[in-house]
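In: got a structure for you, letters missing:
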């Protein structure tokens, strides 16, 4: 069921997005900074955006849009120039072929992912799909349901915050358009392309990505995990109201409203320190938790092999002892 | 005046190309290895290729084609798969628009540059233009006359030896299509893209590049330095015949046939050692020359700031005391 979000809905969206992002999906700090500038004015033509369900998205095509780069580097940005320009490139390309871009969708659940999709929609007069490609955050593009559904990754647009736009049209080495090997090729190239975007000041530290253009029919198979944006919004509203202050309350909420069986992984703890280093396009986090009995140090690294651990650390920012199982 | 080259012409082409490459343009070792496999058979449909002057190139469009990567990494390749596939992508793209690719041209003077253009022409049924974008070798794409003439670098095709084809369509950040900033953007991205091609085994160590598609009219302004392939061939034939064994003979030849004022930069010397390290996509060379009186060590690095020095070192492989001035 379609609904509209405006400035006052953003904070609960970010709180819930951060929870379901489970350690990825961008920091709540960068998302809060971007959301602060979401006002009708010189940049945005409106102060709201529309969210529609997968079944309602029949008026045109959809593209996945996102920020890529280290969340810490994105923290100080005011407007989502890279993702907006990447989506605009797709919009223009489709228009030249008599096709219409009507929707954007987030790659994954997360504070920044949901927000960026909404801000791009507001800027370009599109709507956001109430779903994403993971139902959590993931460390690499081929892990998303768009890749699993073999949506063609041609073309892919990558735009720096400075406005340098690159269209990548990667021909599959062998096999068919959109197959697993092709998704891996595109992902590797996009991730390699991000190196200059992250490290060279000419490029501006991080980039906007638009890829996986989907017709309404494609959307049905590419988005099996649905209503994730409204799920995050609802949970965020409960957190905001202070109704989920204990592990027990969170576990009960997840079971009742999200069909998720969660369990506490430690006794109640306190965060004694939290540090982040941004290196090579990844945020490396280290968090120490202490209980009344013993200190529990917890080291996290947000890359593929360590991604499972990230959940624990991020959840410690919320009720420290609750962790959903996925 | 158009002419045809076949297997027996390749060695003089490479000798002359290496001389005019002035330290760049690929190693004669990799060029000799590729030339060895240039036979009519399973890969090549013919054992010759046609060379035409800029004024004769009126039957279709031209694209610049080249190997990119460290020469040492290219040494063991048998067939120019990357450059052929890059040119084929351009050919197909033009054909889809009712346009015809008829010619290829080397980026620069050099043993490998001239040879690769010839082999691509033979493989795809095209001809080679008797000119290049520098009249010598240069360390980066924006230094070529194609860039100076503001030929649009959209699209650019980069294909790994393993056949992974990437079409790059870089929108200028500001200004116009093909201007200096645009050439720089494309060059930076192409060079960044080469990193995975050079370093990741999935990509296969080096790549073929095709960019700067030119109509016959564009060709006139993009190629002010002409007949460089036939100049290299003629010089190579003289070297092959053993007629340019002294610095004096080379200096006289260059003055008489090439309108180049050359001078000897040292007394006669002998090469006592020559080493190459391939690092980060560049060949780092170190050569020691000895005369009867004193040893003359000479260290070279094939990057922008050091490129001037390379001339000396490469020339020491030929008559040890001759150096053309450019």
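Out: Noted; the coordinates are in hand. Note that the coordinates shown come from a computational prediction; the quantities given were computed from them, not determined experimentally.

In: Where does the stretch 1-150 of chain A get nearest to chain B, residue-wise?
Out: The minimum distance from the stretch 1-150 of chain A to chain B, using CB to the nearest CB, falls at residue A:89 (7.3 Å). For every residue, glycine as well, the C-beta is placed using N, CA and C.

In: okay, and for the stretch 151-300 of chain A, where does confidence drop off?
Out: Applying pLDDT under 70 to the stretch 151-300 of chain A flags residues A:193-205, A:266, A:276-300.

In: State the distance from the residue of the stretch 1-150 of chain A closest to chain B to residue A:212.
Out: Residue A:89 is 14 Å from residue A:212, where distance means CB to CB, to the nearest Å.

In: same deal with residue A:44?
Out: The gap separating residue A:44 from residue A:212 is 25 Å, by CB to CB.

In: who's more crowded, those two?
Out: Per other CB atoms under 10 Å in any protein chain shown, whichever of residue A:44 and residue A:212 has more neighbours is residue A:212, with 29 against 16.

In: Just the element for residue A:157, please.
Out: strand A:156-160 (DSSP states H and E).

In: what lines up beside that strand in the sheet?
Out: strand A:165-171 (antiparallel), strand A:207-214 (antiparallel) (DSSP bridges).

In: Pick the most deeply packed of the ones you listed.
Out: Highest mean neighbour count of these: strand A:207-214, a mean of 27 (counted as mean count of other CB atoms under 10 Å in any protein chain shown).

In: Next SSE downstream of it?
Out: Next along from strand A:207-214, by DSSP H and E: helix A:216-222.

In: Point out the other elements, helices or strands, that whichever helix or strand comes after that next one touches.
Out: Using DSSP H and E, the helix or strand that follows helix A:216-222 in sequence is helix A:228-240. Counting contacts by 3 or more CB pairs under 8 Å, 6 or more residues apart in numbering or on different chains; DSSP states H and E, helix A:228-240 packs against helix A:7-21, strand A:127-132, helix A:247-257.

In: If we use 10 Å, what do you get?
Out: In terms of contacts (3 or more CB pairs under 10 Å, 6 or more residues apart in numbering or on different chains; DSSP states H and E), helix A:228-240 is packed against strand A:3-6, helix A:7-21, strand A:48-52, strand A:101-106, helix A:111-124, strand A:127-132, helix A:247-257.

In: Can you give the distance of that helix from its chain's centre?
Out: 15 Å (CA atoms, centre = their mean, to the nearest Å).

In: buried sites along it?
Out: For helix A:228-240, burial by neighbour count (16 or more other CB atoms under 10 Å in any protein chain shown) applies to A:228-239.

In: Ok, stretch A:6-23 next?
Out: Using 16+ other CB under 10 Å as the test for burial, stretch A:6-23 gives A:9-23.

In: Spatially, which two of these are the most separated?
Out: Longest distance between any two of the buried residues of stretch A:6-23 is 23.6 Å, between A:9 and A:23; criterion CB to CB.

In: and the strands paired with strand A:156-160 as JSON lines, adding distance to residue A:140?
Out: Shown next, in JSON lines, are the strands paired with strand A:156-160 (distance: least, CB to CB, whole Å):
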{"stretch": "strand A:165-171", "distance to residue A:140": "16"}
{"stretch": "strand A:207-214", "distance to residue A:140": "13"}
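
In: Of all these, which one comes closest to residue A:61?
Out: Of all those, strand A:207-214 comes closest under CB to CB, at 5.7 Å.

In: The closest one to strand A:101-106, inter-axis angle?
Out: Strand A:207-214 and strand A:101-106 are oriented at 120 degrees to each other (axes from the mean of the first three to the mean of the last three CA atoms, to 10 degrees).

In: between strand A:207-214 and helix A:111-124, how many degrees?
Out: Using the same axes, to 10 degrees: strand A:207-214 against helix A:111-124 is 80 degrees.

In: Give me the mean pLDDT for stretch A:10-18.
Out: Here stretch A:10-18 scores 97 as its mean pLDDT.

In: again with stretch A:104-119
Out: pLDDT averaged over stretch A:104-119 gives 96.

In: tell me how far the ends of that stretch are from each other?
Out: 10 Å (CA to CA, to the nearest Å).

In: before we move on, what about stretch A:43-52?
Out: End-to-end distance for stretch A:43-52: 24 Å, by CA to CA.

In: try stretch A:38-50
Out: 14 Å.

In: what do you get for stretch A:160-175?
Out: Terminal residues of stretch A:160-175 are spaced 31 Å apart (CA to CA).

In: List the beta-bridge partners for the nearest residue to the residue of the stretch 1-150 of chain A closest to chain B once chain neighbours are set aside.
Out: The shortest distance from residue A:89 to any non-neighbouring residue, by CB to CB, 6 or more residues apart in numbering or on different chains, is to residue A:157 (4.4 Å). Under the criterion DSSP bridges, residue A:157 forms beta bridges with residue A:167, residue A:210.
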